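# give the three-dimensional model of this entry:
(2 chains, ligands or ions: 2)
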Amino acid sequence: MRLVDLLRTAISNSLRSKLRTSLTVIAIFVGAFTLTMTSAIGTGITSYIGNQVASFGASDVLTVTRTADDQLASRDGPAPYDPDAPTLGGGGFGGGGGGGFAPTPLSDADLGTIAATPGILTVDPIVPIMPSYIQHAGGERFELSVNATAALGRVDLAAGSQLSTDGTRNEIVLPTSYLDALGFENAEAAVGQGVIIGITDYLGVMHEVEAVIVGVQNESLFGSTAALGRQLTDELVAIADTGRPESLRQGYFAATATFDPDAGAEEVTAIKAHLADQGFTAQTVADQIGILQTVIDGVILIFNGFAVIALLAASFGIVNTLLMSVQERTREIGLMKAMGMSGRTVFALFSVEAAFIGFLGSAIGALVAIMIGTLISGILADTVLSGLEGLQVMQFAPASVATIILIVMAIAFFAGTLPARRASRQDPIDALRYE
Amino acid sequence: MTDTILEARDIHKSYGRGPARFEALTGVSLRVEAGESVAIVGKSGSGKSTLMHLLALLDSPDQGAVAIEGKVAGELSVRQVDRLRNTMFGFVFQQFFLIPSASVLDNVILPLKIARVAPRERHERGMAVLRQLELDDKAANKAVNLSGGQKQRVVIARALINEPRVIFADEPTGNLDTATGRLVEDILFRLNREQGITLVIVTHDTDLAARCDRQVIIRDGTLVAAPEGPLPPVVDPAAAHAGPAVTHA
Ligand SMILES: Nc1ncnc2c1ncn2[C@@H]1O[C@H](COP(=O)(O)OP(=O)(O)OP(=O)(O)O)[C@@H](O)[C@H]1O
Ligand SMILES: [Mg+2]
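Ligands and ions are numbered 1, 2, ... in the order given. Next up, the predicted model:
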């Protein structure tokens, strides 16, 4: 039999018992639909995270902290008191991670050690800045939270420009969520405008500092925090430290260290290992986001597992459907064999039929998933997830959709081999003898 | 015209095993000459169909050999046997074995599909054969919608399409009323006369058997009377009043 005839015959055979075929197709549809959806979510989130890392830019920056006290778990009873250990001033960083478990801060000596590590170019302590309010043109005052590490990185801008590294004026980049409150019509209108930042010194005296909005940032995974330029940071830190007794000098919860931007992955690993030996944990932005990625990958894997189980169940449906049609077509198969059709061709007829049923189920499943997914993703992006600009929860990559269809067809094909073998071994005489 | 086209050499065939073992054929030898029409007759269960299946290479004997034009079938590959059946033989059975949902034309050209003939040629040959059997106006109809006699003519068309050397017919008129049965018989014998197609017909019908050149009588798995060589052709009374005559293309 010619290939075209074989395909045609197999397809028309599968359409002979429409109800039975449709039911099997529905079973496959469910599996393929789920698989397409989860893979689209995977693609969507991964590409968003990728963009975030890229927009954050600073691939030559390490965030260095002291490695969480490794004796903590194994130690019986409380740690011995060390009068020289640095303390975090001002009630700790960002309200603490909960449970009173704050990382051991870095001292100035630690900064020296980090700076001396081969491969490290510069080290800057990250100082938590807690301004009291922000105000524009005498309007209402709003709380302001600041991203302590933003001075180093680049942000995903809605308007304006990045913070300059050598700026001589007080620069600030605000997230889009502040625009309405501060009375700006849109992102463009805010750029170049002045704001006033209020901050108290150690003795509780309020100071006001003027700053210029240089850019407006899209909301990101890192929440809606403002980024301050170096000049502004220094000024605010100086105010916060005013009146602090020398004996209460605070340590730093973390430091940022830069290395050669051209360093390869191996060199970065070496730097990290070196810092780890000295009791520091160093992470690039990609490392930090990578953890999130791992969690998301895990969830997607579980969903894919469910989809595959659905497909396995569906493949039994295929076996059942085809066994029934082998039974029904006993005479026809016998006749075709009597007329010289080879067992191989009979086998091919039935397994192609199975693959076609698989194709129908998976193609319809993928198509419906794409339509529904695009719709849902669009609605979510405009409502619940409107805070995370640029996040399309589901992205349908043609390659992965094609892969899913092919995989489902392969599963269907294998399911079809059992009935196909039975058909190919059928004895024409049994079929031609009439009862 | 005395080339032996089919030959059975002392063939044995049994079904089942142990106590249930049943000897369907116990040493049958038979020669069928090209162009002959042979009737295999006998009581029900005597082994007629078994013998025909063995001659048509649909099954292989336990002992002995079947030869097609001198070639022993047991020595051929499965592929060669499939090919032989596809190109040399046509089959007509008591039951029609038509694919009900397919069109008449598609049913008829099935052997050509199996033989990998190109679509255009398939169509032309299919239409030609349907014209020969006066069924060309039914070509596009679904097979299921035909009358019994029309169905059997479609089956004959299907058996003819690959221009076979031998047509095997197992109770070809068993399912038809006498008049329609007669019509189908006429078609078969006309093919035999005009195109020299060898006929091997299994039948209960003594009238049909009498129309054949030769009758092979089988009883309990052995031939009881197999006259040597073809008998002088019997004068065919039916040929004179054949109904809607088969027009010869
Ligand atoms: N697959 C089988 N298993 C067991 N016995 C079988 C099988 N096929 C045929 N037989 C037996 O072999 C014998 C011959 O069968 P066969 O079909 O050749 O008879 P027949 O002469 O064609 O009869 P009928 O005129 O009724 O068609 C019968 O007794 C039948 O029961
Ligand atoms: Mg029989």
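# could you find the closest non-adjacent residue to A:Trp42?
Small correction: residue A:42 is Gly, not Trp. Sequence neighbours aside, A:Ile300 is the residue nearest to A:Gly42 in space, at 4.5 Å (criterion: Cβ to Cβ, 6 or more residues apart in numbering or on different chains). Backbone N, C-alpha and C define where each C-beta goes, glycine included.
# where's the one you found relative to A:Gly44, distance?
Distance, A:Ile300 to A:Gly44, by Cβ to Cβ, to the nearest Å: 10 Å.
# so where does the residue nearest to A:Gly42 fall, helix or strand?
Assessed by DSSP states H and E, A:Ile300 sits inside helix A:285-328.
# for that helix, what is the distance to the chain centroid?
On the basis of Cα atoms, centre = their mean, to the nearest Å, helix A:285-328 sits 20 Å off its chain's mean C-alpha point.
# ok, stretch B:150-158 next?
Stretch B:150-158 sits 12 Å away from the centroid of its parent chain (Cα atoms, centre = their mean).
# tell me who's in contact with the residue nearest to A:Phe33 when sequence neighbours are not counted.
Closest residue to A:Phe33 apart from its sequence neighbours, by Cβ to Cβ, 6+ apart: A:Gly365 at 4.1 Å. Applying Cβ atoms under 8 Å, 6 or more residues apart in numbering or on different chains to A:Gly365 gives the contacts A:28-33, A:35-36, A:408.
# by neighbours, which of these wins?
For these, the largest number of neighbours (other Cβ atoms under 10 Å in any protein chain shown) sits with A:Ala32, at 34 neighbours.
# list the buried ones in the helix or strand harbouring that residue?
In this structure, A:Ala32 sits in helix A:18-56 according to DSSP H and E. By 16 or more other Cβ atoms under 10 Å in any protein chain shown, the buried positions in helix A:18-56 come out as A:20-21, A:24-25, A:27-45, A:48-49, A:52-53, A:55-56.
# same deal with stretch A:403-414?
Buried-residue list, stretch A:403-414, by 16+ other Cβ under 10 Å: A:404-405, A:407-409, A:411-414.
# what does stretch B:145-165 give?
Within stretch B:145-165, the residues scored as buried using 16+ other Cβ under 10 Å are B:146, B:149-162, B:164-165.
# now it, how far from the centre of its chain.
How far stretch B:145-165 lies from its chain's middle: 11 Å, per Cα atoms, centre = their mean.
# could you do stretch A:333-351 as well?
Distance, centroid of stretch A:333-351 to centroid of chain: 51 Å (Cα atoms, centre = their mean).
# so where's chain B uncertain?
Applying pLDDT under 70 to chain B flags the ranges B:1-2, B:225-249.
# returning to that earlier point: sort out for me which of the buried residues of stretch B:145-165 are in helices.
Under the assignment DSSP state H, those contribute B:149-160 to helices.
# count of residues packed around the residue of the stretch 251-400 of chain A found nearest chain B?
Of all residues in the stretch 251-400 of chain A, A:Gly340 sits closest to chain B, at 2.7 Å by Cβ to the nearest Cβ. Residue crowding around A:Gly340 was assessed by other Cβ under 10 Å; the count is 22.
# what's the span of stretch B:94-111, first residue to last?
Its start and end residues considered, stretch B:94-111 measures 19 Å (Cα to Cα, to the nearest Å).
# is that stretch anywhere near chain A?
Yes: using Cβ under 8 Å from any Cβ of the partner chain, we find that stretch B:94-111 touches chain A at B:94-95, B:97, B:99, B:101, B:110-111.
# and that stretch, anywhere near ligand 1?
No: figure legend: stretch B:94-111 not in contact with ligand 1 (Cβ under 6 Å from any ligand atom); closest approach 8.5 Å.
# report the buried residues of that stretch.
Using 16+ other Cβ under 10 Å as the test for burial, stretch B:94-111 gives B:94-99, B:102-111.
# A:Ala423 belongs to a helix, doesn't it?
Yes: assigned with DSSP: H, G, I helix; E, B strand; the rest coil, A:Ala423 falls within a helix.
# am I right that it is in contact with A:Phe350?
Yes: the pair A:Ala423 / A:Phe350 is scored as a contact, 5.0 Å apart, by Cβ atoms under 8 Å.
# determine the residues that are contacts of both of those two.
Common neighbours of A:Ala423 and A:Phe350 (criterion: Cβ under 8 Å, 6+ apart): A:Val326.
# what's the helix or strand for B:Leu25?
Per DSSP H and E: strand B:22-33 holds B:Leu25.
# which helices and strands does that strand pack with?
Under the contact criterion of 3 or more Cβ pairs under 8 Å, 6 or more residues apart in numbering or on different chains; DSSP states H and E, strand B:22-33 touches strand B:4-15, helix B:48-55, strand B:63-68, strand B:198-202, strand B:222-225.
# any chance of those in CSV, plus distance to A:Asp180 and mean neighbour count?
Putting the helices and strands packed on strand B:22-33 into CSV (distance: least, Cβ to Cβ, whole Å; neighbours: other Cβ atoms under 10 Å in any protein chain shown) gives the following:
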stretch, distance to A:Asp180, mean neighbour count
strand B:4-15, 91, 18
helix B:48-55, 89, 24
strand B:63-68, 93, 18
strand B:198-202, 94, 26
strand B:222-225, 105, 14
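# distance to B:Gly126 added to those, as CSV?
As requested, the helices and strands packed on strand B:22-33 are exported to CSV (distance: least, Cβ to Cβ, whole Å):
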stretch, distance to B:Gly126
strand B:4-15, 26
helix B:48-55, 26
strand B:63-68, 26
strand B:198-202, 22
strand B:222-225, 38
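# before we move on, back to that, what's the burial count for the residue nearest to A:Gly42?
A count of nearby residues for A:Ile300, using other Cβ under 10 Å, gives 18.
# check B:Lys43 too.
Residues lying near B:Lys43 (other Cβ under 10 Å) number 12.
# skipping adjacent residues, who's closest to it in space?
Here the residue nearest B:Lys43, using Cβ to Cβ, 6+ apart, is B:Arg219, at 6.9 Å.
# what are the bridge partners for the one you found, then?
Note on B:Arg219: beta-bridge partners B:Thr222, judged by DSSP bridges.
# contacting residues for it?
Here B:Arg219 is in contact with B:42-43, B:46 (criterion: Cβ under 8 Å, 6+ apart).
# what residues does chain B put near ligand 1?
B:15-16, B:22, B:24, B:42, B:44-50.
# quick one: the host helix or strand of B:Val38 to strand B:4-15, angle?
Following DSSP H and E, one finds B:Val38 within strand B:37-42. Interaxial angle, strand B:37-42 versus strand B:4-15 (axes from the mean of the first three to the mean of the last three Cα atoms, to 10 degrees): 20 degrees.
# same for strand B:37-42, what does it pack against?
helix B:48-55, strand B:198-202, helix B:206-211, strand B:214-219.
# ok so, going back, what helix or strand is the residue nearest to A:Phe33 on?
In the assignment (DSSP H and E), A:Gly365 maps to helix A:343-382.
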